[in-house]
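**Student:** What would the 3D arrangement of this be:
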Amino acid sequence: MTHIYEINGDCPCYEGLEEKAMVGALKIEGHYDAKKNVTTINTKLKDGEDEEKEETLLGLVILKLVTSGGVINAAY
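**Tutor:** Numbering: from 1, shown residues only. Below is the predicted model:
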């Protein structure tokens, strides 16, 4: 993950947050825009056969990797 920030005076203020995760053939990217206070999540398969899905969610959303019964998945 990459943090993007700008320092105004003596206060660090985040402009955004970039997140990327890959689970098997699934690729997930998240971008948080602090000025708009929204997170855009893009999901697609690595082979590119299926169309890309894009969701815009209110606030800061953090990608997580979770396991269930020994199987790893991405969640947000």
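**Student:** Can you name the residues in contact with stretch 34-51?
**Tutor:** 13-17, 22, 25-33, 52-61, 63, 76 (C-beta atoms under 8 Å, 6 or more residues apart in numbering). Quick note: C-beta positions are derived from backbone N, CA and C, even for glycine.
**Student:** buried set for that stretch?
**Tutor:** Using 16 or more other C-beta atoms under 10 Å as the burial criterion, the residues of stretch 34-51 that qualify are T39, I41, T43, K44.
**Student:** For it, measure first residue to last.
**Tutor:** Distance across stretch 34-51, first residue to last, is 27 Å (C-alpha to C-alpha, to the nearest Å).
**Student:** Average the pLDDT values over it and round to the nearest integer.
**Tutor:** Per-residue pLDDT over stretch 34-51 has a mean of 84.
**Student:** Check the offset of that stretch from the chain's centre.
**Tutor:** 8 Å (C-alpha atoms, centre = their mean, to the nearest Å).
**Student:** Then stretch 26-34?
**Tutor:** The answer for stretch 26-34 is 3 Å, by C-alpha atoms, centre = their mean.
**Student:** In TSV, list the buried residues of stretch 34-51 along with distance to I72 and secondary structure.
**Tutor:** Below are the buried residues of stretch 34-51 laid out as TSV (distance: C-beta to C-beta, whole Å; DSSP: H, G, I helix; E, B strand; the rest coil):
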residue	distance to I72	secondary structure
T39	22	strand
I41	18	strand
T43	15	strand
K44	18	strand
